[in-house]
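Chemist: build the 3D model from these lines:
(one chain, ligands or ions: 2)
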Amino acid sequence: MPIKVLSDDLASRIAAGEVVERPASVIKELVENSIDAGSSRVVIELVDGGAKSITVTDNGHGIPAGELPFAFERFATSKIDENSDLIAIGTLGFRGEALPSIASVSRVTAVSRSVESDSGARLVIDFGDKHSLEKTGAPVGTRIQVDGLFQNVPARLKFMGSPGKEVSRVQAMLGSLALVYPDIAFTLVSDSRERLKTTGTGKLEDAVRSVYGSKIADQMLSLEPEEQSAFSVDGLISSPSINRSNRNYITLAVNGRTIQSRRLTYAVEQAYHGFLPERRFPIAVVRIQTPLSDVDANVHPAKSEVRFLREDLVYALVQRSIRGLLNASAPVHELGIGRTSGVGLLRPVGGSTPGSRTAMSSGSVSTWPTPEEPVQSALDHENVTKNESSNATESGSFSGTPRETLPVLRVVGQTHETYIVCEGPEGIYLVDQHAAHERVTYDQLQDTFSNRSPDSQALLEPAVIELAPGMLTVVQEHLEELGKVGWDAEIFGANSIVIRSIPGALSTRASSDGAGQMFINVLDELTQGGTGQSWVDRMLATVACHSSVRAGQTLPIEDAKSLLRQLEKTTHPNTCPHGRPTLIQLSVNDLEREFKRR
Ligand code: ADP
Ligand code: MG
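Modeler: Ligands and ions are numbered 1, 2, ... in the order given. Predicted coordinates for the structure are as follows:
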C-alpha cells in the first residue's frame with residue numbers, strides 16, 4: 001500500500017489504545033479531569049465492572065456549553081497553550097487526548113454546567129459520532145457517562161478481565177488517588193454497592209482510615225515535610241509492626257500525580273531495612289513536592305511514570321526522611337498492644353501512659369529510680385558516636401536524628417532457656433536471646449565488612465562441597481564479598497568449591513553444623529531472593545543468624561547482662577536484622593489492670 005495519512009477516526013482509535021486500556025484507565029482519566037477542575041466531591045459508578053457503564057460525576061468548575069464539543073476534539077485542552085512550558089505542568093491532564101479517545105471506543109454522554117452559566121449542556125458521542133448539543137438543567141459540575149466500552153474494538157474486549165477483577169483494579173487505582181487527595185471526597189459504587197468512600201476532610205489520616213481501615217490508620221507515623229524547601233516529602237508510613245507481603249500498599253505521588261517508580265519504591269523499602277522482616281513491605285503514602293520544572297510528566301502514555309531532573313536527590317530525600325522517622329519512633333514492641341481497649345481511661349493523672357515510648361526511648365533516666373544494676377546509661381557517649389558512624393555507612397549521614405535506644409534494663413533472669421526477663425522503667429521486658437544476639441553479631445559483622453578486616457577462622461581440614469546447579473555462578477559473582485566477611489572459598493571443578501576458612505563469628509558453631517553445610521545454608525537463604533536488602537546485608541544477617549545463641553540454650557545471668565550491654569550499643573536494638581522484635585514489653589499499666597489493682 002502507498003503511504004497515506006490516517007483518517008482522524010482511525011488515528012483516534014489508535015491513540016485510544018494508548019490511553020484507555022480498561023475501565024480503570026478510563027476512570028483514571030475522567031477522575032483526573034475532575035481533580036483538575038477543582039472538584040471537592042467525585043462520585044464514580046460502575047455497572048458490570050465498567051463494561052456496561054461507567055459514570056463519573058463531579059462538582060468542579062464545569063465546561064461552558066460552547067466549549068463542550070471541543071473537549072472531545074483530539075488535542076483540545078484548556079490546560080496548556082503555545083506559551084506553556086511542556087516540562088513545568090501543574091495539571092494532571094495536558095495532552096487533550098483522553099475525552100476523544102474514550103469517545104471513539106464507547107458511547108459517551110457528557111452533561112456539564114460551568115460556574116458562570118445558569119443552565120447546563122448535554123452532548124452525546126456515539127463511538128466517535130457527535131450528536132448535536134442540547135441545553136439541559138444540571139448542577140454546576142460535570143457528569144460523564146461511558147456506555148458499552150470497547151464494543152467497537154473486539155480485540156480490546158478480549159483483554160477485559162471478569163467484572164470482579166476490573167472492579168478491584170478500579171478500587172486500587174482510586175484508593176491511591178484518594179490517598180493523594182485527602183481534600184476530595186471520593187465515592188465508588190459498583191453495581192449499586194459502595195466500594196470506597198472517603199470523607200474529603202483534607203486530613204491524610206482520614207483518607208488512610210477510609211481506604212485501609214482504622215486499625216492501620218491508627219498505627220501510621222506521620223512524615224513531616226521540612227519547611228521552606230523546594231523539595232519536600234510528607235505523608236504517612238506504617239510503623240514496622242504492620243506490614244504486607246507485597247508492594248501494592250506503597251503509594252507514591254509527585255506534585256499530586258500518582259506515579260509508579262521502581263526506584264523510589266526501593267528507596268522506601270531501603271528505609272525500612274532492618275525494621276521489617278525479609279520480603280515484608282510497609283504501607284505508605286509518600287507525597288513528594290518538587291519544583292514543577294524538575295519533573296517531566298510527558299514520558300509515558302498514561303503519565304504514570306515521570307522523569308526527574310535530579311532523581312538521586314529525590315531518592316535520598318525519600319529514604320532519609322522515612323529512615324529518620326523510623327529511627328526516631330522505633331517502638332519497643334509492646335505486649336498485647338491493641339488487645340485491650342479503653343487503656344486511655346485508666347491513665348494516671350500526670351503519670352506516663354503505655355504509649356509514652358518516646359519519652360522512655362530518649363532515656364528519661366531521671367524519672368526512673370536508678371535500678372540496682374543498670375546495664376548502661378541509655379545515653380552513653382560511646383553509643384552516640386558509634387551510631388553516627390555506622391548509620392553513615394548505611395544510608396547517608398543522619399547526624400542529628402534521634403537514635404533508637406533501649407530502656408534502662410535490669411536483668412532478672414532467664415526463662416524457657418529462650419527469654420531474658422528484665423525490669424525496666426515502664427514494666428517488664430522480655431528479650432529474645434537469639435534475636436538480640438543476632439542484632440549484636442550482625443552489627444559486628446557489618447563493622448568487619450566495612451573495615452575490610454575479615455575475622456576469619458581457618459578450618460583444620462578444608463571442606464569440599466558440591467553445589468546445586470546455578471549456585472556456582474552465585475558464589476563466583478560474590479567471591480569478593482564472601483571474602484570480606486571471612487569466607488575463603490575457591491571454585492573447585494565444575495560443581496564444587498573448597499572452603500578453607502569461615503567467618504570467625506561462625507567458628508564456635510561450625511563444629512556442630514559442619515562448615516560446608518553452613519555455607520550451603522547461607523547460600524540457600526541468600527538465593528531465595530528477598531528484597532529491600534542488598535546481597536551483602538542478607539549474607540551478614542544469615543551469618544549472624546547462624547552464629548547466634550539459640551533458643552533453648554541456658555544463658556548464665558552474667559552472659560545475659562553482657563548481651564544486653566552489647567545490644568544497647570547497636571544501631572537498632574529493638575529489632576533483629578530480619579526485622580523481628582528483640583524485646584517486648586508488659587507495661588506496668590497492663591499489669592495493674594490485669595491484677596485489678598485499679
Ligand atoms: P486534558 O485533560 O489533557 O486537557 P481531556 O481530553 O481529558 O484533555 O479533556 C479535554 C478538556 O475538557 C480539558 O482540558 C478540560 O478543559 C475539559 N474537561 C474535561 N473534563 C472536565 C471536567 N470534569 N470538568 C471540567 N472540565 C473538563
Ligand atoms: Mg484529561
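Chemist: contact partners of stretch 465-472?
Modeler: If you take C-beta atoms under 8 Å, 6 or more residues apart in numbering as the criterion, stretch 465-472 is touched by 475, 491, 494-499, 516, 519-520, 523, 527. Just so you know, the C-beta spots here come from the backbone N, C-alpha and C atoms, and that holds for glycine as well.
Chemist: tell me the residues of the stretch 51-200 of the chain that contact ligand 2?
Modeler: Taking C-beta under 5 Å from the ion, the part of the stretch 51-200 of the chain that reaches ligand 2 is made up of 93, 98.
Chemist: find the closest residue to ligand 1 in the stretch 51-200 of the chain.
Modeler: Taking C-beta to the nearest ligand atom as the measure, the stretch 51-200 of the chain has Gly93 as its residue closest to ligand 1, at 2.2 Å.
Chemist: next, count neighbours for the closest residue to Phe492 other than its chain neighbours.
Modeler: Nearest residue to Phe492, sequence neighbours excluded (C-beta to C-beta, 6 or more residues apart in numbering): Val498, at 4.4 Å. Summarising burial for Val498: neighbours were counted as other C-beta atoms under 10 Å, giving 16.
Chemist: hmm, who's touching the host helix or strand of Val498?
Modeler: Take DSSP states H and E as the rule and Val498 turns out to sit in strand 496-503. Residues outside strand 496-503 that contact it (C-beta under 8 Å, 6+ apart): 445, 454-459, 462-467, 472, 475, 485-492, 510, 515-516, 518-519, 543, 547.
Chemist: okay, now the closest residue to Ser162 other than its chain neighbours: neighbour count?
Modeler: Spatial nearest neighbour of Ser162, excluding adjacent residues (C-beta to C-beta, 6+ apart): Gly49 at 7.0 Å. The burial metric for Gly49, expressed as a neighbour count using other C-beta under 10 Å, is 24.
Chemist: in three-state terms, label Gly49 for me.
Modeler: Here Gly49 takes the helix state, with states given by DSSP: H, G, I helix; E, B strand; the rest coil.
Chemist: what's the residue in the stretch 251-400 of the chain positioned nearest to ligand 1 in contact with, if anything?
Modeler: Ranked by C-beta to the nearest ligand atom, the top residue of the stretch 251-400 of the chain for proximity to ligand 1 is Lys303, at 9.3 Å. Lys303 is in contact with 92, 257, 297, counting by C-beta under 8 Å, 6+ apart.
Chemist: for Gln433, same thing?
Modeler: With contact set as C-beta under 8 Å, 6+ apart, Gln433 has these partners: 414, 418-420, 549, 551, 553, 555, 560, 563.
Chemist: among these, name the ones in strands.
Modeler: In this view, the contacts of Gln433 that belong to strands under DSSP state E are 414, 419-420.
Chemist: give me the longest strand you can find in this structure.
Modeler: Counting residues, the longest strand in the chain under DSSP E turns out to be strand 456-466.
Chemist: what angle separates the next helix or strand after it from strand 456-466?
Modeler: On the C-terminal side of strand 456-466, the closest following helix or strand by DSSP H and E is helix 471-485. Angular relation of helix 471-485 and strand 456-466 on a 0 to 180 degree scale: 170 degrees, by axes from the mean of the first three to the mean of the last three C-alpha atoms, to 10 degrees.
Chemist: got the buried residues for helix 471-485?
Modeler: If you call a residue buried by 16 or more other C-beta atoms under 10 Å, then helix 471-485 has these buried ones: 471-472, 474-475, 478-479, 482, 484-485.
Chemist: make JSON lines from the residues you listed and add distance to Lys4 and pLDDT to it.
Modeler: As requested, these are arranged in JSON lines below (distance: C-beta to C-beta, whole Å; pLDDT from 0 to 100):
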{"residue": "Met471", "distance to Lys4": "58", "pLDDT": "76"}
{"residue": "Leu472", "distance to Lys4": "57", "pLDDT": "78"}
{"residue": "Val474", "distance to Lys4": "55", "pLDDT": "78"}
{"residue": "Val475", "distance to Lys4": "59", "pLDDT": "84"}
{"residue": "His478", "distance to Lys4": "57", "pLDDT": "83"}
{"residue": "Leu479", "distance to Lys4": "60", "pLDDT": "85"}
{"residue": "Leu482", "distance to Lys4": "62", "pLDDT": "87"}
{"residue": "Lys484", "distance to Lys4": "64", "pLDDT": "85"}
{"residue": "Val485", "distance to Lys4": "65", "pLDDT": "85"}
